[in-house]
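Fold the stuff below for me.
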Amino acid sequence: MPAAPVNIILHRKSRTLEVLWDDAVTHVLPCELLRVYSPSAEVRGHAPEQAVLVAGKKRVGIERIEMVGSYAIRPCFDDGHDTGLYTWSILRDLGDNREAHWKDYLIRLKTAGASRDAKDNGRTQGRSEVVGEWQPLQVQG
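The predicted model follows:
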């Protein structure tokens, strides 16, 4: 398992999560990517054949992020989804392989005849928020 991130910053206006790692790597992950690749049973199922395609999340945002022990975060999305636990390994994989995951997502949408678009629920507030700076793993403010 990779070390915990040095910092995580939620940028509400751009709907991105910035993850800074101790090896000087920084990932900027769209909330949409995080939502559609949620590690929850609701999205991934209990076996690979149970995974579902999540569509219509182009404008999804994150309302808040909760720490889960010293190994994960739990984003609470503004569409009500809040059951995915993103371990450091999952976050690192999503960042390191962002382009491949994004391409796969777009192909699956096209194959299913689905769209990224959905009506914005208006709950995204358009500001940035520092989710936590860990020394180690303490959420501040």
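
ok, and the helix or strand in this structure with the lowest average confidence?
One helix or strand of the chain scores below all others by mean pLDDT, DSSP states H and E: strand 128-133, with a mean of 40.

Without its sequence neighbours, what residue ends up closest to residue 88?
residue 2 (4.9 Å; CB to CB, 6 or more residues apart in numbering). No exception for glycine: its C-beta is placed from N, CA and C like everyone else's.

CA atoms only for the longest helix anywhere in the chain - export them in CSV, please.
For the chain, the longest helix by residue count, based on DSSP state H, is helix 98-112. Only the C-alpha atoms of helix 98-112 are listed here, as CSV (Å, rounded to 0.1, in the frame of the first residue of the first chain):
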residue,chain,number,x,y,z
ARG,A,98,-6.1,8.4,-15.0
GLU,A,99,-6.0,8.5,-18.8
ALA,A,100,-6.5,4.7,-19.2
HIS,A,101,-9.5,4.8,-16.8
TRP,A,102,-11.0,7.8,-18.5
LYS,A,103,-10.6,6.2,-22.0
ASP,A,104,-12.2,3.0,-20.7
TYR,A,105,-15.1,4.9,-19.2
LEU,A,106,-15.8,6.8,-22.4
ILE,A,107,-15.7,3.6,-24.4
ARG,A,108,-18.1,1.9,-22.0
LEU,A,109,-20.5,4.9,-22.2
LYS,A,110,-20.4,4.9,-26.0
THR,A,111,-21.0,1.1,-26.2
ALA,A,112,-24.0,1.4,-23.8
